[in-house]
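S.K.: Below are the sequence and a predicted model for it; my questions follow.
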Amino acid sequence: MKARVHIMLKTGVLDPQGEAVRHALGSLGFDGVDKVRQGKVIELELAETDPAKAEAEVARMCEALLANTVIERYDVELV
Amino acid sequence: MGVMKAAVLVFPGSNCDRDLAVAFEAAGFQVDMVWHKDTSLPAGTDVVGVPGGFSYGDYLRSGAIAARSPIIAALRDHAERGGYAIGICNGFQVLTETGLLPGALMRNSGLKFICKAVTLDVTTTASDFTNGYDDGSQVVFPVAHHDGNYVVTDETLAELNGEDRVAFRYAEDLNGSTDRIAGVLSKNRRVLGLMPHPERAADARLGMTDGTALFTTLAAAGVTA
């Protein structure tokens, strides 16, 4: 089973990289981009075949290592 | 009182480990270098130094992988026993990732790597790291970081200020850090994390000596853990 983890900065945490990307888009002529937030996608190949167990296990991985929950939030998607 | 013993952790990608060892030795510490795969600290370790550098190439997040190394369990036990620890630059990032210090260090607000000497306000002298400085004094330490933008929740910030746990502030905004915070103390005031490098300002031959007092004060604090 494959899991995909999306990690984004929490709402309210300033994202200086996203802001730089927004500026760069503007200078390339892409007007009308009000906001850019940059995150990470992590794909995991799991031996687990039970979706509920897999999701719970990946959530534990997020809490333990994959995300820094002081500043980031995560979503687990099974694919 | 015996000689204070320092243990400097070494991760793949640490690059200030030797500088930190030299600064500890100059202050009279006996120093052991401890590889990240070790699972215990040398017997009688009083202070653990978590050095600067780019542990694991900053993969995932700065300090994130190092903070899950085998040696970290021993560091955590040491800190929970009331032992001293100091994390500098990447070491500060590692300490926040372990949860031994609050907050997180994000990309500098200006996005650039900043490498220069900066003036800091010594915000509290009530710690065994900072009581060698005068109240209200300033020091000059070098900084060299890309991810030094200190972020904390409003509640944690209120707690840090209320408990007088901000050790150093940038005299002027440098990297977007909340409240210009450059270094913070743990609740028991025995764990210090800071982005600027006192160990690079501890030898007159290198032009800066403001960091010396931090190490000599700590050496005088006595054997504790």
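M.R.: Yep, that arrived.
S.K.: Assess the claim that residue B:38 and residue B:72 are in contact.
M.R.: No. Contact between residue B:38 and residue B:72 fails when scored by C-beta atoms under 8 Å: they sit 10.7 Å apart. In this view, the C-beta of every residue, glycine as well, is placed from N, C-alpha and C.
S.K.: More neighbours: which of the two?
M.R.: Neighbour tally, residue B:38 and residue B:72, criterion other C-beta atoms under 10 Å in any protein chain shown: the higher count belongs to residue B:72, 20 against 15.
S.K.: quick one: contacts for the more buried one?
M.R.: Going by C-beta atoms under 8 Å, 6 or more residues apart in numbering or on different chains, residue B:72 touches B:66, B:98.
S.K.: what about the strands in chain A?
M.R.: In chain A, the strands defined using DSSP state E lie at A:2-9, A:40-45, A:72-78.
S.K.: got JSON lines for the ones you listed, with mean neighbour count too?
M.R.: Converted to JSON lines, the strands of chain A look like this (neighbours: other C-beta atoms under 10 Å in any protein chain shown):
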{"stretch": "strand A:2-9", "mean neighbour count": "17"}
{"stretch": "strand A:40-45", "mean neighbour count": "12"}
{"stretch": "strand A:72-78", "mean neighbour count": "16"}
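S.K.: ok, residue B:120 to chain A distance?
M.R.: Distance, residue B:120 to chain A, by C-beta to the nearest C-beta, to the nearest Å: 22 Å.
S.K.: Close to chain B: what parts of chain A are there?
M.R.: A:13-14, A:16-17, A:20, A:64-66, A:68, A:70-71 (C-beta under 8 Å from any C-beta of the partner chain).
S.K.: Narrow the residues you listed to just the buried residues.
M.R.: The neighbour count (16 or more other C-beta atoms under 10 Å in any protein chain shown) marks A:13, A:16, A:66, A:68, A:70-71 as buried among the residues of chain A next to chain B.
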